[in-house]
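how would this look folded up:
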Amino acid sequence: MRTCLATLFVAALATIGPSGLRASEADALALDAVIQSRHMPFGTILDPIYASSSSSTIIGYTRCGDSALWTGAYLAAESFRYNVTQSADALKNVKTALAGIASLVNVTGDNRVARCIVVANSPYAAGIAAEEAANTVTQAAPWFWVGNTSRDEVVGVFFGLATAFDMVNDPDVKSTAANLATLITGFVAHHQWSPNDSISNTFQIRPEQLQMLLVATNHMNPSSGISGPLLTLPISVGVMIDVLDLGSYFKFNLDHMTFYNLIRLEDNSSNRSAYQTIRNFTAGHQNPFFDLVDRGINGSNAARDAETLALLNEWLQRSKRDFTVDVTKTVGTCGSEACAPVPVAFRPPTDFLWQRDPFQLSGGGSGVVESAGIDYILPYWMARYYGVLSTDSTAQSSAAGVDAMAADSLASLYGSNLAVATALAGQQPLPTTLGGATVTVTDSKGVARAAALTF
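Just a heads-up that it's a prediction; the model follows:
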């Protein structure tokens, strides 16, 4: 089978033929069931390791070091889901994720956030401890916990806590989120404004993150009594450094998590200006999570919102396992990276796709690690909440359908023998013939024209 993805640049609404994988609630719920059954063995997010690339036998767990971050992201996803659906299952998952975060705080004994928590006599414990040896592993029977907590983990946790507090109208959820936020920020405030009592990791060098913690905490608990340091750097200092290059791309994911709640709770020109610096740098990176944060901050935009849906559709083509990917010979390269964002379906595997460099050419493993899929369910439920994706009460599986696309957006067409070869566009402007295939679209005025193709 040859697959073709068309990027449509048309003057008006274009109606396209058979559409393929389509973002649906069924996909989100199926991923959620997998997360609950395989990715929360100790109450927070971890990724299973299988005996082989074709096996369903779990022999270990990995990515413990970022468990707090992704548990926060999962909490946010389920909070958006609950707000949209009022599902009892979503509420249960919100409370489960909150309980997981609470365990990360309680196990440390001083209200700092652990990176992860593991039952010490688990058959998976030794492997996790070995993998996290570079961080501090502390016994706290019947658990051990991993420390050396970074600012990243706290940002992810607060992304979840503040979202849950405002999206879930449940007194227990609100009380738990407010209490956890107060405990965590209280620790930070009394330990050099650091998540691990190290001045080298202080939030004072990331003023936007520090301000988000303070604003979110006092929003959830106005009587917290926590105020910031006497002197702080300008909000834009950190982001001006971030946009100097693509290195450590995960920084942009943290920026979007930070500004989502900061601007939502404290909307002023300084915060918006700093956010816009990040947005201007990343807007062309084909990232639906970033797009949806922008939707929350700046409102609707037809082209951006249509791109969001197309990118979510593309995500469904990805393997959930970490098989090695190398597109070096199939996309245009500029030095060690792609010249344009690699199509989502062909990007290397990772834990959360939207925190990875979209120009990365290769990466992955042997197909034994399974990612949780939070990089789908979080933007999916955000898209539902913000009306980017309409309620699919007639939701089919992600197999077929007929759709309409907005101008200047991406669309996916699927079928057998659409092209004579697999090819990815390696030039700008995008070609109208690729792999021997052309695509013609007809807009709402009946005008037919050739579509630009990406793969």
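
count the neighbours of F159 for me.
25 (other C-beta atoms under 10 Å). For every residue, glycine as well, the C-beta is placed using N, CA and C.

how about the nearest residue to it, chain neighbours excluded?
Excluding the flanking residues, the one nearest F159 by C-beta to C-beta, 6 or more residues apart in numbering is M257, at 4.1 Å.

which helix or strand in this protein has the lowest average pLDDT?
The helix or strand of the chain with the poorest confidence is strand 14-15; it has a mean of 27 (mean pLDDT, DSSP states H and E).

helix or strand right after that one?
For strand 14-15, the succeeding helix or strand toward the C-terminus, using DSSP states H and E, is helix 25-38.

what's the mean pLDDT across that following helix?
Taken as a whole, helix 25-38 has an average pLDDT of 97.

rewinding a little: now do the contacts for the residue nearest to F159.
Residues in contact with M257 (C-beta atoms under 8 Å, 6 or more residues apart in numbering) are A73, V155, G156, F158, F159, V293.

what residue lies at the spatial centre of the protein?
In the chain, the centroid-proximal residue (C-alpha atoms, centre = their mean) is D375; its distance is 4.2 Å.

surely it meets L292?
No: the pair D375 and L292 fails to qualify as a contact (C-beta atoms under 8 Å) at a distance of 11.9 Å.

what angle do the longest strand seen in the chain and helix 25-38 make?
Counting by DSSP state E, the longest strand found in the chain is strand 362-370. Strand 362-370 and helix 25-38 are oriented at 70 degrees to each other (axes from the mean of the first three to the mean of the last three C-alpha atoms, to 10 degrees).

following element in sequence after strand 362-370, please.
Downstream of strand 362-370, the first helix or strand assigned by DSSP H and E is helix 374-385.

look up how far T217 lies from G365.
38 Å (C-beta to C-beta, to the nearest Å).

correction: G363
To T217, G363 is 37 Å away according to C-beta to C-beta.

between those two, who's got more neighbours?
T217 (25 against 15).

quick one, what contacts that one?
Contacts of T217 by C-beta under 8 Å, 6+ apart are A181, T182, T185, S224, I226.

which element is it on?
For T217, the element it lies in under DSSP H and E is helix 207-220.

what about that helix, average pLDDT?
Helix 207-220 comes out at a mean pLDDT of 98.

can I get it as CSV, trimmed to CA atoms?
Only the C-alpha atoms of helix 207-220 are listed here, as CSV (Å, rounded to 0.1, in the frame of the first residue of the first chain):
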residue,chain,number,x,y,z
PRO,A,207,10.8,33.7,36.2
GLU,A,208,7.8,32.7,34.1
GLN,A,209,7.7,29.3,35.7
LEU,A,210,8.1,30.7,39.2
GLN,A,211,5.3,33.2,38.6
MET,A,212,3.1,30.4,37.2
LEU,A,213,3.6,28.4,40.4
LEU,A,214,2.7,31.4,42.6
VAL,A,215,-0.3,32.5,40.6
ALA,A,216,-1.7,29.0,40.3
THR,A,217,-1.2,28.2,43.9
ASN,A,218,-2.9,31.4,45.1
HIS,A,219,-5.6,30.8,42.6
MET,A,220,-6.3,27.4,44.0
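
can you give me the buried ones in it?
Within helix 207-220, the residues scored as buried using 16 or more other C-beta atoms under 10 Å are 207-220.

could I get the contacts of T217 as TSV with neighbour count, secondary structure and distance to L312?
TSV is the format used below for those (neighbours: other C-beta atoms under 10 Å; DSSP: H, G, I helix; E, B strand; the rest coil; distance: C-beta to C-beta, whole Å):
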residue	neighbour count	secondary structure	distance to L312
A181	24	helix	30
T182	19	helix	35
T185	26	helix	33
S224	19	coil	37
I226	17	coil	38
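
reformat these as a markdown table; add pLDDT and distance to I128.
Below are the contacts of T217 laid out as a markdown table (pLDDT from 0 to 100; distance: C-beta to C-beta, whole Å):
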| residue | pLDDT | distance to I128 |
| --- | --- | --- |
| A181 | 98 | 27 |
| T182 | 98 | 29 |
| T185 | 98 | 28 |
| S224 | 96 | 34 |
| I226 | 96 | 33 |
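
which pair of those residues spans the longest distance?
Within the contacts of T217, two members stand farthest from each other by C-beta to C-beta: A181 and I226, at 9.5 Å.

which residue ranges of the protein form helices?
25-38, 67-85, 88-106, 125-131, 151-167, 171-189, 207-220, 237-242, 250-265, 269-282, 288-298, 302-315, 374-385 (DSSP state H).

what's the closest of these to P142?
Nearest of those to P142, taken as C-beta to C-beta: helix 125-131 at 10.5 Å.

may I have that closest one exported as CSV, CA atoms only?
Extracted C-alpha coordinates of helix 125-131, given in CSV (Å, rounded to 0.1, in the frame of the first residue of the first chain):
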residue,chain,number,x,y,z
ALA,A,125,12.1,-2.4,41.0
ALA,A,126,15.7,-3.4,40.3
GLY,A,127,15.6,-2.4,36.7
ILE,A,128,14.0,0.9,37.5
ALA,A,129,16.5,1.6,40.2
ALA,A,130,19.4,0.8,37.9
GLU,A,131,18.1,3.1,35.2
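
got the buried residues for that helix?
A125, G127, I128, A129, E131.

for the fourth one, which non-adjacent residue is spatially closest?
I take that to be A129. V137 (5.2 Å).

equivalent analysis for the last one, please.
Nearest in space to E131, with sequence neighbours left out and distances taken as C-beta to C-beta, 6+ apart, is T62 at 6.3 Å.
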